[in-house]
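**Q** Provided below for reference: sequence and predicted model.
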Amino acid sequence: MSNQKKNDENRMEQIVALCKRRGFLFQSSEIYGGVNGFWDYGPLGTELKRNVRNAWWEDMVSTHDELSCLENAPKPFAMVGLESSIIMHPQVWKCSGHYDLFHDFMVDCTESKKRYRFDHMRGRWAEAERKTKSEGSDEVTVETVKAFITSMEPGEEVEESITANALKFFGLKSKYRDKINWLSEVLPISSIDNLQEAVAPEATRKGTLTEPREFNLMFKTTLGALGGADDAAFLRPETAQGIFVNFKNVVDSSRVKIPFGIAQIGKSFRNEITPRNFTFRSREFEQMEIEFFCHPDESSQWYEYWRNRRFNWYTSLGIAAEHLILREHHKEELAHYSVGTADIEYAFPFLSEGEYGELEGVAHRGDFDLRSHMEGKLDSDLNVELNEHGQPKHRGSGKDLSYFDDQARERFVPHVIEPSAGADRGTLAFLCEAYQQDEQPDDKGKMQSRTVLKLHPRLAPVKAAIFPLIKKEGMPEVAAKIYHEFREAGISAQYDQQGAIGRRYRRQDEIGTPFCITVDGQTADDQTVTLRDRDTLKQERIPINKVTEEIQSRLGR
RNA sequence: GCGGGUGUAGCUCAGUGGUAGAGCGCCACGUUGCCAACGUGGCUGUCGAGGGUUCGAAUCCCUUCACCCGCUCCA
């Protein structure tokens, strides 16, 4: 393990400790021992996450001007909001593909302790002589063994990989590969009746695989108090489908014209097998998603536009561009109808150097989603998937979700660009980026380490703290007056008269408060207070009657 | 789900079978008065949870939960 990674691990531990100590994040149900994959936001964390959500909503929706063309945008466009329900008609998830995809079957190898996706495992029947030495004697028995030799190798390399595994299993050198008698072509493992005949990819003997077990990644619940099996419903695993199923409602009710976007912030739920890395992978999480609907011919331009705009959003709120990457998915990773998908990823401290974790995916989804809800679940070739009777496997709504452009006299199913961000991941990234330890002189000029959250002022949970320098000579009253004024003006502020002034500054540094205002001996003489900056520690004197105004202007964008 | 590690005060940790501790923090009072000050006093624990062994368990054993690391997974 590199030193870099060790430092980063300590750094992550320190961030987690700070989050708990100062009330940003707690483990859910902690007094009962906690639940894996669930987190609670404390008083400061709630403010921080709310600020992240608000910044997103303001920047994407409420301050959006559909009459003007934004910088680098192909043309003006409208943005509207939506709040759809968490539980939806079960058919939504069948047509979206989540129902089939989230029912993965997995097998475990009891020898190698590896777990494999059952539907990805392939193999060939083979037969060869195998020498076995019985225990406790030198007697060697030679017997002809038949087995199903498996591999997880995708694509064309599977055959070579199976051969290598077979040589290992039969104890043969590669020059004797002719001794293996192949009894079948490459087959999916689901084609064999008895898993005891299979040799797992990293096993040395047969029959180490467990029976396939289902991992349902969607949380299941029941509609109605007496609901039976037919009343099964699911907590949504993404917010996007709530937008697609309301596409027609929005078009019919809000006078929006294509191109336009529908934005939504809301909770989603995935029963992750391994929640890990603080709030990065949680089972309950919040998404901030836009589904942007446009003409198919313009979709590539819009994809470029959203990809770049969303990347810049993170840097505009203080994440250094060198800690972010815009990772374009390879062509092989893409569904073939998609022009592109890009992940905006952040160098989280819990990852190794050079590794990044996803904050947001920007995907070109073509007309896949709307058509699936019209016609039924589509396969990767955009054909409706059929069952054994030649009927749609999952029937769509049958409703027409196409759009009619009455100026061009053209009807089409819009293409979709989907910038889908994780609110909790974003919040965590802003916290990680802001966390810094620096050295500042104490009252004797000796350097002391300081923990500071250099949060962007828009995101800081507390915008300003107001202190009386000492607890007498009328200073607390003046400070309290400023505090009241701030609260009335809607500025999130704290009042603190406890302890030495230096300690109070450091307390605020640790929670990322950008500005501290101190009422001192001079205040009574000339009606000024000091304004101290979190990052530079510089102080300047501001007239007391201008202080609210001054803070508001410094918080402005 | 597997393997390894960890779990003691708000935080960081000491405590290997015999009365639960330290530092930091927090609170009060006094002094000082612009960057983690000093003095005095105070607060905080079902030792992660449940069970067992024992005269006696934070300590030994079993089960379980959570966190960290490595696998696995990640539409």
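**A** Nice, I can see it. Residues are numbered from 1 along each chain as shown, chains lettered A, B, ... in the order given.
**Q** drop to CA atoms for contacts and neighbour counts, all remaining ones
**A** Will do.
**Q** Low-confidence bits of the stretch 401-550 of chain A, can you list those?
**A** Of all residues in the stretch 401-550 of chain A, those with pLDDT under 70 make up the ranges A:442-446.
**Q** which non-adjacent residue is nearest the spatially most central residue of chain A?
**A** Geometric centre of chain A, nearest residue: residue A:422, 4.2 Å, by CA atoms, centre = their mean. Excluding the flanking residues, the one nearest residue A:422 by CA to CA, 6 or more residues apart in numbering is residue A:287, at 4.7 Å.
**Q** which ones are touching that neighbour?
**A** Residues in contact with residue A:287 (CA atoms under 8 Å, 6 or more residues apart in numbering) are A:238-239, A:264-268, A:420-424.
**Q** Same check on residue A:497?
**A** A:467-471, A:476.
**Q** quick one: residue A:425 from residue A:530, how far?
**A** With distances taken as CA to CA, to the nearest Å, residue A:425 is found 36 Å from residue A:530.
**Q** Could you do residue A:224 as well?
**A** 61 Å.
**Q** who has more neighbours, the two?
**A** residue A:530 (22 against 9; other CA atoms under 10 Å).
**Q** pretty sure the more buried one is touching residue A:522, no?
**A** No: using CA atoms under 8 Å as the test, residue A:530 is too far from residue A:522 to be in contact (9.5 Å).
**Q** Let's verify residue A:36: helix, strand, or coil?
**A** Following DSSP: H, G, I helix; E, B strand; the rest coil, residue A:36 is assigned to coil.
**Q** circling back to that earlier point, so which of the contacts of residue A:497 would count as near RNA strand B as well?
**A** A:469-471 (CA under 7 Å from any atom of the strand).
**Q** what pairs with residue A:517 across the strands?
**A** Note on residue A:517: beta-bridge partners by DSSP bridges are residue A:466, residue A:531.
**Q** List the contacts of it.
**A** Residue A:517 makes contact with A:464-467, A:529-532, according to CA under 8 Å, 6+ apart.
**Q** 6 Å instead, please
**A** A:466, A:530-531 (CA atoms under 6 Å, 6 or more residues apart in numbering).
**Q** what do you get for residue A:74?
**A** By CA under 6 Å, 6+ apart, no residues touch residue A:74.
**Q** Give the burial count for residue A:357, as a bare number.
**A** By other CA under 10 Å, 19 other residues sit near residue A:357.
**Q** My read is that it contacts residue A:346, right?
**A** Yes: in this structure, residue A:357 is within contact of residue A:346 by CA atoms under 6 Å, at 5.3 Å.
**Q** Show me which pair in the contacts of residue A:497 is furthest apart.
**A** Using CA to CA, the contacts of residue A:497 span at most 9.3 Å, a distance reached by A:467 and A:471.
**Q** quick one, which of those two is more surrounded?
**A** residue A:467 (28 against 13).
**Q** Give the burial count for the closest residue to the more buried one other than its chain neighbours, as a bare number.
**A** Excluding the flanking residues, the one nearest residue A:467 by CA to CA, 6+ apart is residue A:518, at 4.7 Å. Number of residues near residue A:518 (other CA under 10 Å) recorded here: 24.
**Q** Next: residue A:84.
**A** The burial count for residue A:84: 17, using other CA under 10 Å.
**Q** Check residue A:427 too.
**A** For residue A:427, the neighbour count with other CA under 10 Å is 22.
**Q** continuing past the helix or strand that it is a member of, what's the next helix or strand?
**A** Residue A:427 belongs to helix A:423-434 when assigned by DSSP states H and E. As assigned by DSSP H and E, the chain's next helix or strand after helix A:423-434 is strand A:435-441.
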